[in-house]
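In: For reference, the sequence and a predicted model appear below.
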Amino acid sequence: MFGFGLLGLGLLAQSHHAVFIQAKIKVRAAQSFAVVDSVHNVQTAVSGRDITVIGYADTLDEKKLLLAQLNQINGRRTVVDELDVLPSISPYVFSAHKTSFQTTYDGLVPTENARDMLRLHLDDAADNLLLASGSPDRAWPAVVNLSLEALDTLLRGELHVQDRHVRLTGLAHTPEVKAYAETVLLGVPIDYVVETDLDIYIDDRPADFELLYSVIDGVSVNGRVPAGMNATRIAEILNVREVSGDIDRSILSDSGLAQSQMRVLAYWLPDLESARLKIDTESMEFDVTLPPAMDRQQVYRSLQTSLFPDTIVTVETTDQPPQPGTVRLNASNRRVEEFYDGYWLPVVSFEPTPEQCQQHARQALAQRKITFVAGSDQLHVQSSRAINSVAAILRHCTTHTDVTIALEGYVDRPGNATQNAALRQGRAMTLRQALLDRGISGDAIAQPGRRNKGAFVATTNRVIELEQERIPLGWSGSLEAETEAEDN
């Protein structure tokens, strides 16, 4: 028993001593780098008495010096070399090219810390810079960063940093901006050569631009837009994700007119196949192309009323309708749509329970109302999007479940009871035909009939209620979703 006890104490002592030696080697490994003037965060890992060194060295001589320092550590067993020597490049270059639309970058970066510093201006583009040795000094990344700050103030420009030479050219919006950019570059160290060639933007020409939209490709703008507008602002007005193109700005033109025309376009954009807005000194042109089943005359009259006077309006219907069942992603609202007999219906996918059908229909009608021309049973063309959305939902529900759609027409005005009754019936029949046109089976739609508001059609199946004036869209016995349909 005594012998085993001594053996146990001996093993414990050896274990504690090994841990002590490993910790000691780890400290000495870290201290050994203090005598090496390395710009990289070289890391060591100690396992027992073995040292693994990981990272980058600028040169082969630097790598040899780092390994030599580690090999001098007392108590170490082996040094595992996992150091990479960076390529040495001369001349050492960074460049940036700024247009009114974007800024692109190219070149070298000396360290990962320098890469992180440049993210302030480059963001994710910093990842594309090549890690390489050869920079003239440790101030070089800060010089690039300062030069980028000057470039950012310009409308467009070129930055080229090569070794200790900085060249910035471009266009400043005002004399004050030019002076500021030049002042920023005063912070560059005196052993660098700084060269600037900055012009002041003087453009007394008014706005002259063309906006193009395609339901597949989205929005592009080319030309000179009014002051205060740019790609980001245009995207906000049109409610689209992005705007491409080559955009300049006029410092004289007011943006009010252009924004007004664009807001009209934004209203119609999800319904259009294509559009063109052209504004110059001579005229304003507004051209749109509609899907096959959309009422061209109604759209034309609405645009004539909404747009600025003297706007030349052209409304066409696409002459190349797609094949039934064609699916596309609408660039304006990012919705997936399927073509059916002249209509683009949103693709829906949900479990067609009564609750889900009612919820989705409520959401669709909350986004756009179903309206009629005043005193008639003709649907406003602006109702197309709402009807398409509701029809897609009802088609999904009636295809996968045994339901009946109940329609009732209402008017929201006083008047002759007989005339109003006929108008109610006509509106219900119009909406019924609109649903039939969009692929809903006639067997799934009950014939319209007169009844009190709020009553449910008595059928053996579940019932969807769809009414005009107030449109409760739901299932018999469930909570109704209401969206007003204006009589105007």
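Out: All right, it came through fine.
In: shouldn't residue 67 be in contact with residue 79?
Out: Yes - when contacts are counted by Cβ atoms under 8 Å, residue 67 is listed as touching residue 79 (6.1 Å). Placement of C-beta: from N, CA and C, glycine included.
In: The two: which is more packed in?
Out: Set side by side, residue 67 and residue 79 show unequal neighbour counts under other Cβ atoms under 10 Å, the larger going to residue 79 at 19 against 16.
In: I'd assumed residue 160 was in a helix, is it?
Out: No - judged by DSSP: H, G, I helix; E, B strand; the rest coil, residue 160 forms no part of a helix; its state is strand.
In: For it, which residues count as its bridge partners?
Out: Beta-bridge partners recorded for residue 160 (DSSP bridges): residue 95, residue 167.
In: residues touching it, list them.
Out: Applying Cβ atoms under 8 Å, 6 or more residues apart in numbering to residue 160 gives the contacts 93, 94, 95, 166, 167.
In: circling back: which neighbours do residue 67 and residue 79 have in common?
Out: Counting by Cβ under 8 Å, 6+ apart, the contacts common to residue 67 and residue 79 are residue 53.
In: coming back round to it: nearest to residue 444, of the contacts of residue 160?
Out: Looking at these and their distance to residue 444, the nearest is residue 95, at 64.5 Å (Cβ to Cβ).
In: what residues are up against that closest one?
Out: Contacts were defined as Cβ under 8 Å, 6+ apart; by that measure residue 95 touches 105, 106, 107, 158, 159, 160, 161.
In: Dump the contacts of residue 160 into TSV; add pLDDT and distance to residue 116 as well.
Out: Compiled in TSV, the contacts of residue 160 are given as follows (pLDDT from 0 to 100; distance: Cβ to Cβ, whole Å):
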residue	pLDDT	distance to residue 116
93	96	20
94	97	15
95	96	20
166	97	21
167	97	25
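In: what about burial for these, which qualify?
Out: With burial judged by 16 or more other Cβ atoms under 10 Å, the buried subset of the contacts of residue 160 is 94, 166, 167.
In: Check which helix or strand the residue nearest to the second one when sequence neighbours are not counted maps to.
Out: Just to be clear, that refers to residue 166. In space, and not counting its chain neighbours, residue 166 is closest to residue 194: 4.7 Å by Cβ to Cβ, 6 or more residues apart in numbering. Assigning secondary structure by DSSP states H and E places residue 194 in strand 193-200.
In: still on that earlier bit, tell me the confidence at the residue nearest to residue 166?
Out: Residue-level confidence at residue 194 comes out at 96, pLDDT.
In: what about it, distance to residue 327?
Out: According to Cβ to Cβ, to the nearest Å, residue 194 stands 56 Å off from residue 327.
In: the more surrounded of those two?
Out: A side-by-side neighbour count of residue 194 and residue 327, using other Cβ under 10 Å, places residue 194 first with 21 against 11.
In: ok, now how distant is the more buried one from residue 151?
Out: Counting by Cβ to Cβ, the gap between residue 194 and residue 151 amounts to 13 Å.
In: what residues are shared contacts of these two?
Out: Here residue 194 and residue 151 have residue 168 as joint contacts, going by Cβ under 8 Å, 6+ apart.
In: SS state for residue 123?
Out: Classified using three-state DSSP, residue 123 is helix.
In: is it true that the residue nearest to residue 166 touches residue 161?
Out: No - using Cβ under 8 Å as the test, residue 194 is too far from residue 161 to be in contact (10.0 Å).
In: which SS state does the spatially closest residue to residue 381 that is not a sequence neighbour fall under?
Out: With sequence-adjacent residues excluded and distances taken as Cβ to Cβ, 6+ apart, residue 381 is closest to residue 298, at 3.7 Å. Secondary structure assignment for residue 298 (three-state DSSP): helix.
In: From residue 180, how far out is residue 298?
Out: As for residue 298, its distance to residue 180 is 53 Å (criterion: Cβ to Cβ).
In: likewise residue 270?
Out: 42 Å.
In: who has more neighbours, the two?
Out: Comparing residue 270 with residue 180 by other Cβ under 10 Å, the one with more neighbours is residue 270, at 22 against 14.
In: Let me see the contact set for that one.
Out: By Cβ under 8 Å, 6+ apart, the neighbours of residue 270 are 330, 332, 333, 335, 385.
In: Separate out the buried members of those.
Out: Among these, those classed as buried by neighbour count (16+ other Cβ under 10 Å) are 330, 332, 333, 385.
In: Now pLDDT, secondary structure and distance to residue 131 too, for those residues, in TSV please.
Out: Written out in TSV, the entries for the buried ones among the contacts of residue 270 read as follows (pLDDT from 0 to 100; DSSP: H, G, I helix; E, B strand; the rest coil; distance: Cβ to Cβ, whole Å):
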residue	pLDDT	secondary structure	distance to residue 131
330	95	coil	42
332	94	coil	42
333	92	coil	42
385	90	helix	52
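In: Run through who's touching stretch 133-141.
Out: Contacting residues not belonging to stretch 133-141 are listed as 39, 58-59, 86-90, 92, 108-111, 113-114, 117-118, 161, 163-164, 189 [Cβ under 8 Å, 6+ apart].
In: my guess is residue 293 meets residue 342, correct?
Out: Yes - counting by Cβ under 8 Å, residue 293 touches residue 342, with 3.1 Å between them.
In: Mind listing the shared neighbours of the two?
Out: Both residue 293 and residue 342 are contacted by residue 437, under the criterion Cβ under 8 Å, 6+ apart.
In: okay, these two: which has more neighbours?
Out: In this view residue 293 and residue 342 are compared by other Cβ under 10 Å, and residue 293 has more residues nearby, 17 against 14.
In: Double-check that the more buried one belongs to a helix.
Out: No - secondary structure assignment (three-state DSSP) places residue 293 in coil, not in a helix.
In: From residue 404, how far off is it?
Out: 25 Å.
In: Residue 85 pairs with what?
Out: Beta-bridge pairing for residue 85 (DSSP bridges): residue 57.
In: Also residue 43?
Out: The residues paired with residue 43 through beta bridges, assigned by DSSP bridges, are residue 54.
In: if I pick it, what's in contact with it?
Out: With contacts defined as Cβ under 8 Å, 6+ apart, the neighbours of residue 43 are 53, 54, 55.
In: Tell me how many other residues crowd the last one.
Out: For residue 55, the number of neighbouring residues by other Cβ under 10 Å comes to 16.
In: now it: how far from residue 362?
Out: For residue 55, the distance to residue 362 under the criterion Cβ to Cβ works out to 60 Å.
In: Repeat that for the second one.
Out: Using Cβ to Cβ, we find residue 54 at a distance of 59 Å from residue 362.
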